[in-house]
Every structure is written in C-alpha cells, then in structure tokens.
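Q: Whatever this is, show me its structure:
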Amino acid sequence: MSIKVEKIYRGEKVTVVLSGELDFHTSSELRVALEQVFGTPGLKELLLDLRGLSLIDSSGLGMLLLASKEMEKRHGRVLLLTNKLVSELLEVTHLNQFFETIPEGDEAVG
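A: Residues are numbered from 1 along each chain as shown. Predicted coordinates:
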C-alpha cells in the first residue's frame, strides 16, 4: 500500500495530486502534506486531484473532510478532481453534497 503526493503551488491556489491508495495506512502522508499546504500565506483554493487513486477508505474520506473544514475556516474552497471510483464513493456516502467536484475529463481545470 502506497501513495504518492505531489504539491503544486500557484499563488493563492495549491493543487495536491494524489496517486495510489488513500487508506488508514497512507492517510498520514496526506495529513503531513496538507499541514504544509495550510501554511501557505493567503491560501484561497485547494484543488485535490484524486484521479490517480485506485483505493480510498473512510480514513481517506476523513482527510478530505479535514481539508474542507480547514479551508472553510480560511474562507477558501476545496475542489475535488475525481475519477469514477471517487465520484461513486462520494455519491454512495452522500459526501458529494459537501464537496465541489470536477469529473475526470473536464477541460475547465486550470
């Protein structure tokens, strides 16, 4: 089980690209990356690119909620760029009501 986390900084916007498995064993790696990102002065938008995930469990979902709550405190927003697996999981758990998602293949991401 492994996860790759890449951070891309663009002023007030940060993209975190995830690939692999986001679960109980790897969610701490995302937590560390998010703590670094939250130290960005003036952070207003966090894009979590989840298209490379092959697995996400409740620990992973908890990390998404943590990111959302932290950005809410900053009066910013979280966008989720999702693949089919993540989209379906968000729908089944009704968490899609709490996140702004961009389906895989949407060309508006930039």
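
Q: Neighbouring strands - and their directions - for the lengthiest strand in the chain?
A: Ranked by number of residues, the top strand in the chain under DSSP state E is strand 45-56. The pairing partners recorded for strand 45-56 under DSSP bridges are strand 13-22 (parallel), strand 77-82 (parallel).

Q: which helices and strands sit right next to the helix or strand Leu66 falls within?
A: Assigned by DSSP states H and E, Leu66 falls within helix 58-73. Applying 3 or more C-beta pairs under 8 Å, 6 or more residues apart in numbering; DSSP states H and E, one finds that helix 58-73 contacts strand 13-22, helix 27-37, strand 45-56, strand 77-82. All C-beta atoms are positioned from the backbone trio N, CA, C, and that covers glycine.

Q: For Ser27, list the residues it contacts.
A: 59-60, 62-63 (C-beta atoms under 8 Å, 6 or more residues apart in numbering).

Q: Now that we have the residues you listed, which of them are buried?
A: 59-60, 63 (16 or more other C-beta atoms under 10 Å).

Q: Could you single out the nearest of these to Glu29?
A: If you rank the buried ones among the contacts of Ser27 by distance to Glu29 using C-beta to C-beta, Met63 comes first, at 9.7 Å.

Q: Quick check: that closest one touching Leu34?
A: Yes. With contacts counted by C-beta atoms under 8 Å, Met63 reaches Leu34, the gap being 7.2 Å.
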